[in-house]
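Undergrad: need coordinates for the below:
(chains A and B)
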Amino acid sequence: MRTLITPPPVPYPPHYIIDPVAFFGALIAAPLLFTALSFWALFIPVFALFLGGPLYLVIGTPVLLWHLRHNDGDPHDLSFLAFVIMVAALVLSAPLAALSDEDELLSLSFGYFGFGMIFAPAWAYVFGRIYQHFRRDFYAKPRPF
Amino acid sequence: MFSLALLYIALGFAGLVALATMILRIGTLLGDCPQSRATARAGAVTIATGFCAIGAGGVILIGAALQLFEHAPFASFLGALGFAALCLGLGFTQAVGTLRALMYDAKRIAA
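TA: Prediction:
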């Protein structure tokens, strides 16, 4: 109980307020821009956009909201975060596949998250670049709350 | 389905108005201090206006999804209303955080 009510040590860790306009603009624009720039690669990015887009919005939005509250939003950090999330999803899917007795589930998740390990960091990197470019100065300042 | 959609719009916009009013009231409370009155009130009005515009857009967009789940009207109604409340709550938290940051910056400039 004591650990729950004890405040964190001073100086408090910096927090950032998320710029909502830049955030949602970057969230939508990042996968579209990456796909527009790389669609010539056997059209794989176009399929990735349709297959991975919903997961990106469902998982990516809360993870990015949480991360950007505590961090500056460096594109490299975001890219690494996306890679870690994809690895974690792959690791979690293995016991699920074993428990469900579905042989195809493991190979499907390997394929899905394997491609995700390439596209999620790329989308996150583009997101970070767009977000930092369009974020207003007021939201770029770290504050103690 | 139509009555549920109307109920969704009424409840969604009632929540939006209630939260926008709360932002204005918080701004008024912060404006009790004579030094920060102008910053707090102008900030609260600006933030509440932005919250209303974005929130109304969100409520309408989520409401549009009701039409997609016509075979399960009550479940989709509750799902849409819950999701709208969640988004409005997050927007309110963001708005209050922005107002707080505004006051923090104003205090630092004054000091």
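
Undergrad: residues from chain A in reach of chain B?
TA: Neighbours of chain B within chain A, by C-beta under 8 Å from any C-beta of the partner chain: A:17-18, A:20, A:65, A:138, A:141, A:143, A:145. The way it works is simple: take the backbone N, C-alpha and C, and place the C-beta from them, glycine included.

Undergrad: kindly recompute the last result at 7 Å.
TA: Residues of chain A found near chain B (C-beta under 7 Å from any C-beta of the partner chain) are A:17-18, A:20, A:143, A:145.

Undergrad: among these, which two are most distant?
TA: A:P20 and A:F145 (17.9 Å; C-beta to C-beta).

Undergrad: quick one, helices of chain A?
TA: Using DSSP state H, the helices of chain A run over A:2-5, A:20-38, A:44-55, A:61-70, A:75-100, A:103-134, A:137-140.

Undergrad: now the helix or strand where B:G15 lies: mean pLDDT?
TA: Element membership of B:G15, judged by DSSP states H and E, is helix B:2-30. Regarding helix B:2-30, the rounded mean pLDDT is 93.

Undergrad: quick one: buried residues of it?
TA: Neighbour-count burial for helix B:2-30 flags B:4-5, B:8, B:12-13, B:15-16, B:19-20, B:23-24, B:26-27, B:30 (criterion: 16 or more other C-beta atoms under 10 Å in any protein chain shown).

Undergrad: turn those residues into JSON lines, including distance to chain A.
TA: As requested, the buried residues of helix B:2-30 are exported to JSON lines (distance: C-beta to the nearest C-beta, whole Å):
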{"residue": "B:L4", "distance to chain A": "25"}
{"residue": "B:A5", "distance to chain A": "24"}
{"residue": "B:Y8", "distance to chain A": "22"}
{"residue": "B:G12", "distance to chain A": "19"}
{"residue": "B:F13", "distance to chain A": "20"}
{"residue": "B:G15", "distance to chain A": "18"}
{"residue": "B:L16", "distance to chain A": "15"}
{"residue": "B:L19", "distance to chain A": "15"}
{"residue": "B:A20", "distance to chain A": "15"}
{"residue": "B:I23", "distance to chain A": "14"}
{"residue": "B:L24", "distance to chain A": "19"}
{"residue": "B:I26", "distance to chain A": "15"}
{"residue": "B:G27", "distance to chain A": "16"}
{"residue": "B:L30", "distance to chain A": "15"}
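
Undergrad: picking that back up, neighbour-wise, which of A:P20 and A:F145 wins?
TA: Ranked by neighbour count (other C-beta atoms under 10 Å in any protein chain shown), A:P20 and A:F145 place A:P20 first, with 17 against 10.

Undergrad: just checking, the more buried one touches B:A95?
TA: No - assessed by C-beta atoms under 7 Å, A:P20 is found out of contact with B:A95, at 9.4 Å.

Undergrad: pull stretch A:17-33 out as PDB, backbone CA atoms only.
TA: Taking C-alpha atoms only, stretch A:17-33 is exported to PDB below (Å, rounded to 0.1, in the frame of the first residue of the first chain):
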ATOM      1  CA  ILE A  17       0.900  16.700 -23.700                       C
ATOM      2  CA  ILE A  18      -0.100  15.100 -27.000                       C
ATOM      3  CA  ASP A  19      -0.900  17.400 -29.800                       C
ATOM      4  CA  PRO A  20      -4.300  15.900 -30.900                       C
ATOM      5  CA  VAL A  21      -4.300  17.300 -34.400                       C
ATOM      6  CA  ALA A  22      -0.700  16.300 -35.200                       C
ATOM      7  CA  PHE A  23      -1.300  12.900 -33.600                       C
ATOM      8  CA  PHE A  24      -4.400  11.900 -35.500                       C
ATOM      9  CA  GLY A  25      -3.000  13.400 -38.700                       C
ATOM     10  CA  ALA A  26       0.200  11.400 -38.400                       C
ATOM     11  CA  LEU A  27      -1.700   8.300 -37.300                       C
ATOM     12  CA  ILE A  28      -3.700   8.300 -40.600                       C
ATOM     13  CA  ALA A  29      -1.100   9.700 -42.900                       C
ATOM     14  CA  ALA A  30       1.900   7.500 -41.800                       C
ATOM     15  CA  PRO A  31       0.800   4.200 -43.300                       C
ATOM     16  CA  LEU A  32      -0.700   5.900 -46.400                       C
ATOM     17  CA  LEU A  33       2.400   7.900 -47.100                       C
END
